[in-house]
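[1] Compute the structure for the input listed below.
(chains A, B, C and D)
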2 protein chains.
Amino acid sequence: MLSAQRKDHLRQILRRDGRVVAKDVATDLGVSEDSIRRDLRELADAGELVRVYGGALPLPPADRPVDQRATLATESKERVARRAVDLIRPSSTIVLDAGTTTLAMTRILPHGADLTVITPSPAIALAVAEHSDTRVVIIGGELARFSMVTSGPLAMEAVQHLAADLFFLGVTGIDPGHGLTTGNLDDAATKRAISARCAQTYVLGSEEKIGATSRYPVLDLDDVSGLVVDPLDTNPVIDALAERVSVLR
Amino acid sequence: MLSAQRKDHLRQILRRDGRVVAKDVATDLGVSEDSIRRDLRELADAGELVRVYGGALPLPPADRPVDQRATLATESKERVARRAVDLIRPSSTIVLDAGTTTLAMTRILPHGADLTVITPSPAIALAVAEHSDTRVVIIGGELARFSMVTSGPLAMEAVQHLAADLFFLGVTGIDPGHGLTTGNLDDAATKRAISARCAQTYVLGSEEKIGATSRYPVLDLDDVSGLVVDPLDTNPVIDALAERVSVLR
DNA sequence: GTTAACCGTGCACAAACGTGCAACTTCGTG
DNA sequence: CACGAAGTTGCACGTTTGTGCACGGTTAAC
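    Below you'll find the model as predicted:
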């Protein structure tokens, strides 16, 4: 095992789990804890993580380089993204909707997992291609300025030809009474069409969406496989939602 | 065992395993570690991999050719872009290929001209949507990592359903003898298919392309409506090209 | 306040490194 | 065919780098 490779491995664990436990990694890789500690120290010196007792944690947002901060999701969204990525099985085909939470997901997609990512968002497509080694397929169609995703008749037709295992759906409103809603009629239709072509649909529920309602209905809560929320979100609305749909935190 | 053969072998191992351990390869091939180290050093100098203690690793994503090309357009490219935009009539539908020259075009597209821009490049799509008020249509399909445009069977099918007035074609080689060439087979096919669906095709000829030849032929010079070049480019090859195709400068 | 886990440091050893050099091959030239 | 120039290869050398272990100090948890 090359030292540089070990560091890559540490970076990956940090992205995936949000933390690194020195002892576990040492046992895992079959090297001494000393080596892992040394690696962690060097990565900390390079400003890639913060050293803590027992292992390491990601940089707090304030310490990150500015170019990263510009596109950075909130910590809540990152936790939702991490929980969502956990649902992805190797060799599967997933659809990523547009949005900051899905953008956060693109940064922590597993490498070498033989994934195919389908998306109606050019921004997501570029991010996935940059950060991982998955196949990327773009759903063609007219680009809606409101949401920057392809929609309309061309997109609807393209969607009819696809099939996927998982759909990570982004909406702007998640409410026990009004269900899942978004701000654009065409988008709502596209989201519905995609959901119909996927075995499972999970809704990404970062904190500001919970309890909110937008103009156009997308789906009912019963129509989706589950709702992924921030494990640290204590909003009581989540409990109300849990009576209607499976909630993952 | 020839040095070139050894290097091929190293490239292959790197692709397969994601790493190269100098010692293992040396034992495997029955040559000294010195030779392997020398090869690795040369490959690293050529920018094909990164040298690390004990062997070598693939290039980090940020160093790959696609990103290198995403740099700012030169002044020459901007002059070509300006000349190309002059060809666009109001209320028309145009196809923009990927590339730095077309990216420069997106910044100077006329406002309020009722244009529709079709593109296989997510980066171009985003740029157009950001800088102008045209309708934007993305050609769906699998995203080729080499060029960051959609290509393959899905894209080919999508192309069959479109029709446009103007196609601004980007290639990597424009040569009087070899015609128009590019570095990827799938891309070449997509470009050909798009050209067939457009009333006119113009090739964007920024200075470094003139007289260059890439691996895969796209079209003959007679197959396009014209070649747009930098008005300040005095390369004599342009005169040779002018005998075969209409040159706009 | 005790205890166990974790830490940094110093150290010894091994592995990998670059460099210079000599032996060898290849190829062109006289 | 002889010759030398240029390139390649393996070896020897001293140096640098990575690794694991032992030690004593520090931290967190009960």
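
[2] Which neighbouring elements make contact with whatever helix or strand residue A:186 lives in?
    Using DSSP states H and E, residue A:186 maps to helix A:185-196. Here helix A:185-196 touches strand A:149-151, helix A:152-160, strand A:164-169, strand A:179-182, strand A:216-219, going by 3 or more CB pairs under 8 Å, 6 or more residues apart in numbering or on different chains; DSSP states H and E. Using the backbone N, CA and C atoms, a C-beta is placed for each residue, glycine as well.

[3] Report the strands that pair with the first one, each with its relative direction.
    Just to be clear, that refers to strand A:149-151. Next to strand A:149-151 in the sheet, as set by DSSP bridges, lie strand A:141-144 (antiparallel).

[4] need the next SSE after the helix holding residue A:186, C-terminal direction.
    Following helix A:185-196 in sequence, per DSSP H and E, is strand A:198-205.

[5] Any idea how far that following strand is from the middle of the chain?
    In terms of CA atoms, centre = their mean, to the nearest Å, the centre of strand A:198-205 is found 12 Å from the chain centre.

[6] what sits up against that strand?
    A:80-81, A:84, A:87, A:95, A:97, A:99, A:101-102, A:163-171, A:174, A:180, A:195, A:219, A:223-230, A:238, A:248 (CB atoms under 8 Å, 6 or more residues apart in numbering or on different chains).

[7] Same question for stretch A:89-96.
    In contact with stretch A:89-96 (CB under 8 Å, 6+ apart) are residues A:88, A:102, A:105-106, A:110, A:113-119, A:121, A:124, A:128, A:162-168, A:194, A:198.

[8] Generate a ChimeraX selection restricted to the buried entries among those residues.
    A single ChimeraX command selects the buried members of the contacts of stretch A:89-96 (16 or more other CB atoms under 10 Å in any protein chain shown):
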select /A:88,102,105,106,110,115,116,117,118,119,121,124,128,162,164,165,166,167,168,194,198
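
[9] Which entries in the contacts of stretch A:89-96 are shared with the contacts of DNA strand D?
    Among the contacts of stretch A:89-96, proximity to DNA strand D is found for none (CB under 7 Å from any atom of the strand).

[10] what's the helix or strand for the residue nearest the centre of chain A?
    In chain A, the C-alpha nearest the mean C-alpha coordinate belongs to residue A:105, at 2.7 Å (CA atoms, centre = their mean). Residue A:105 is located in helix A:100-107, with elements delineated by DSSP H and E.

[11] wait, does that helix contact chain B?
    No - against chain B, helix A:100-107 shows no contacts by CB under 8 Å from any CB of the partner chain, the least distance being 11.6 Å.

[12] With adjacent residues omitted, what lies nearest to the residue of chain A found nearest chain B?
    Among all residues of chain A, residue A:140 sits closest to chain B, at 2.5 Å; criterion: CB to the nearest CB. Sequence neighbours aside, residue B:140 is the residue nearest to residue A:140 in space, at 2.5 Å (criterion: CB to CB, 6 or more residues apart in numbering or on different chains).

[13] Of the helices and strands packed on helix A:185-196, which is nearest residue A:34?
    Residue A:34 sits nearest to strand A:164-169 of all the helices and strands packed on helix A:185-196, at 40.3 Å, using CB to CB.

[14] hey, which helix or strand in chain A has the poorest pLDDT?
    helix A:66-70 (a mean of 66; mean pLDDT, DSSP states H and E).

[15] What subset of the contacts of strand A:198-205 is buried?
    A:80-81, A:84, A:87, A:95, A:97, A:99, A:101-102, A:164-171, A:174, A:180, A:195, A:219, A:224-230, A:238, A:248.

[16] before we move on, back to that, for the following helix or strand past the helix holding residue A:105, packing partners?
    Heading C-terminal from helix A:100-107, the first helix or strand you meet, by DSSP H and E, is strand A:116-119. Here strand A:116-119 touches strand A:93-96, helix A:122-131, strand A:135-138, going by 3+ CB pairs under 8 Å, 6+ apart.

[17] burial measure for residue A:146, as a count.
    Per other CB atoms under 10 Å in any protein chain shown, the neighbour tally for residue A:146 reads 13.

[18] Contact partners for it?
    A:183, A:184, A:187.

[19] can you list the residues of chain A near DNA strand D?
    A:1, A:3, A:6, A:31, A:32, A:34, A:35, A:38, A:39, A:53.

[20] coming back round to it: can you give me how far the helix holding residue A:105 is from the chain middle?
    4 Å.

[21] could you give me the average pLDDT of it?
    Averaged across helix A:100-107, pLDDT comes to 95.

[22] Give me the nearest residue to residue A:105, chain neighbours excluded.
    residue A:81 is the one closest to residue A:105 (CB to CB, 6+ apart), at 4.5 Å.

[23] which SS class is residue A:87?
    coil (DSSP: H, G, I helix; E, B strand; the rest coil).

[24] Now do the contacts for it.
    A:166, A:202, A:228, A:248 are the contacts of residue A:87 under CB under 8 Å, 6+ apart.

[25] If we use 10 Å, what do you get?
    Applying CB atoms under 10 Å, 6 or more residues apart in numbering or on different chains to residue A:87 gives the contacts A:94, A:165, A:166, A:168, A:200, A:202, A:225, A:226, A:228, A:248.

[26] Of those, which is the nearest to DNA strand D?
    residue A:248 (27.0 Å; CB to the nearest atom of the strand).

[27] Kindly state the beta-bridge partners for the closest one.
    With DSSP bridges as the rule, residue A:248 is bridged to residue A:228.

[28] Would you quantify the distance from it to residue A:198?
    17 Å (CB to CB, to the nearest Å).

[29] and what of residue A:12?
    Using CB to CB, one gets 27 Å for the distance from residue A:12 to residue A:198.

[30] Also residue A:44?
    Distance of residue A:44 to residue A:198, given as CB to CB: 41 Å.

[31] cool, residue A:247 as well?
    From residue A:247 to residue A:198 the distance is 19 Å (CB to CB).

[32] Am I right that the residue of chain A closest to chain B is in contact with residue A:120?
    Yes - with contact defined as CB atoms under 10 Å, residue A:140 counts as touching residue A:120 (8.8 Å).

[33] any common contacting residues for the two?
    What both residue A:140 and residue A:120 touch, as defined by CB under 10 Å, 6+ apart, is the set A:150, A:155, A:158, A:159, B:138, B:140.

[34] The residues you listed: which two are farthest apart?
    A:159 and B:138 (13.5 Å).

[35] more neighbours, these two?
    Of the pair residue A:159 and residue B:138, residue B:138 is the one with more neighbours under other CB under 10 Å, namely 31 against 27.

[36] my read: that one touches residue B:98, true?
    No - Residue B:138 lies out of contact with residue B:98 (CB under 10 Å); the separation is 11.8 Å.
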